[in-house]
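S.K.: sequence-free structure coming up:
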């Protein structure tokens, strides 16, 4: 895993960096574990745009990821490390003794030929093994963490992410997230040992607008460049400020830095320390 920098032969190439894909061992995905991704262009079932600036993009397949890993106590061998266009992290193809195959998010440092296992009991503490949090030592880094037992991984799934186990108390594990938040998670929820692969993903520079179009993002027009009828920031002559106490969305709600979390959300009681 690394970042490739090209010679600045053009203006766009000068600012662009790409993943070197040196860790990929297989180019074509497993046919039994993919489905076609249909583009919706940000539209809902009525055909109305509910998410702006979406559309186009390169056609791609969705890799079916096994977030639960319910083949307990059955060792699986890593067959290949593959690229997934739907996420920044790498994925690995694993094969069980029964012949069944599945995709999971690749932990950092895992290689082809390694054996991993998922269990509801205590097993060996090594990268890629999955078990309830209460069996993992303090200070360990984990990812693919459940929020309810048996629900499947819900958090700590992005490239380079990992949560540290700080303490165990009253049936809960205290986890420190990459954001700095410390949160209580039930200690019978499962997690995978290690950190998610491809930590350099966040350092890649898109470099040019055309590459963003290939990712399915359409251009975004500034509100201050519109008319008052189209946006709260609109109107005025030339390069003028937005003319309000704070920035607004096109529908008049406060934006950019405003807290949007519901104060009465059920999970607030599990947060020990808010993120930075």
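M.R.: Thanks, I have the structure now. In this text, all values refer to a predicted model and were calculated from it rather than measured experimentally.
S.K.: contacts, neighbours, all on C-alpha from now
M.R.: OK.
S.K.: what's around residue 37, how many residues?
M.R.: 12 (other Cα atoms under 10 Å).
S.K.: list the contacts of it.
M.R.: Neighbour list for residue 37: 59, 60, 61, 62 [criterion: Cα atoms under 8 Å, 6 or more residues apart in numbering].
S.K.: quick check: the gap between the closest residue to the first one other than its chain neighbours and residue 58.
M.R.: What sits nearest to residue 59 in space, not counting adjacent residues and going by Cα to Cα, 6 or more residues apart in numbering, is residue 37, at 7.4 Å. When Cα to Cα, to the nearest Å is applied, the distance between residue 37 and residue 58 equals 10 Å.
S.K.: next: residue 200.
M.R.: 23 Å.
S.K.: those two: which is more packed in?
M.R.: residue 200 (15 against 11).
S.K.: quick one: that one is in a strand?
M.R.: No - the assignment for residue 200, made by DSSP: H, G, I helix; E, B strand; the rest coil, is helix rather than a strand.
S.K.: phi, psi for residue 15 please.
M.R.: phi -100, psi 0 (degrees, to the nearest 10).
S.K.: enumerate every residue touching residue 57.
M.R.: Contacts of residue 57 (Cα under 8 Å, 6+ apart): 213, 214, 215, 216, 217.
S.K.: oh sorry, the question was meant for residue 125
M.R.: 136, 193.
S.K.: hmm, try it at 10 Å
M.R.: Applying Cα atoms under 10 Å, 6 or more residues apart in numbering to residue 125 gives the contacts 131, 135, 136, 137, 140, 192, 193, 194.
S.K.: what's the mean pLDDT across stretch 187-194?
M.R.: Stretch 187-194 carries an average pLDDT of 96.
S.K.: please read the previous query as pertaining to stretch 224-236.
M.R.: Stretch 224-236 shows a mean pLDDT of 94.
S.K.: and if you look at stretch 19-32?
M.R.: So the average pLDDT for stretch 19-32 ends up being 94.
S.K.: buried residues in it?
M.R.: If you call a residue buried by 16 or more other Cα atoms under 10 Å, then stretch 19-32 has these buried ones: 19, 29.
S.K.: got any ranges where the chain has weak pLDDT?
M.R.: Low-confidence segments of the chain (pLDDT under 70): 1.
S.K.: three-state assignment of residue 78?
M.R.: Strictly by three-state DSSP, residue 78 counts as strand.
S.K.: pretty sure it contacts residue 105?
M.R.: No - with contacts defined as Cα atoms under 10 Å, residue 78 does not count as touching residue 105, sitting 11.6 Å away.
S.K.: for the closest residue to residue 151 other than its chain neighbours, grab the count of nearby residues.
M.R.: Using Cα to Cα, 6+ apart and skipping the chain neighbours, the partner closest in space to residue 151 is residue 68 (6.9 Å). Counted by other Cα under 10 Å, the residues lying close to residue 68 total 19.
S.K.: any idea what residue 130 is bridged to?
M.R.: residue 118, residue 192 (DSSP bridges).
S.K.: these two touch, right, it and residue 152?
M.R.: No - look at residue 130 against residue 152 with Cα under 10 Å: they stay out of range, at 11.4 Å.
S.K.: more neighbours: which of these two?
M.R.: Using other Cα under 10 Å as the criterion, residue 130 and residue 152 rank with residue 130 on top: 31 against 19.
S.K.: residue contacts, the more buried one?
M.R.: Contacts of residue 130 (Cα under 10 Å, 6+ apart): 68-69, 72, 116-124, 136, 142-145, 190-194.
S.K.: can I get the buried part of those residues as one ChimeraX selection?
M.R.: In ChimeraX, a selection of the buried entries from the contacts of residue 130 looks like this (16+ other Cα under 10 Å):
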select :68,69,116,117,118,119,120,123,136,142,143,144,145,190,191,192,193,194
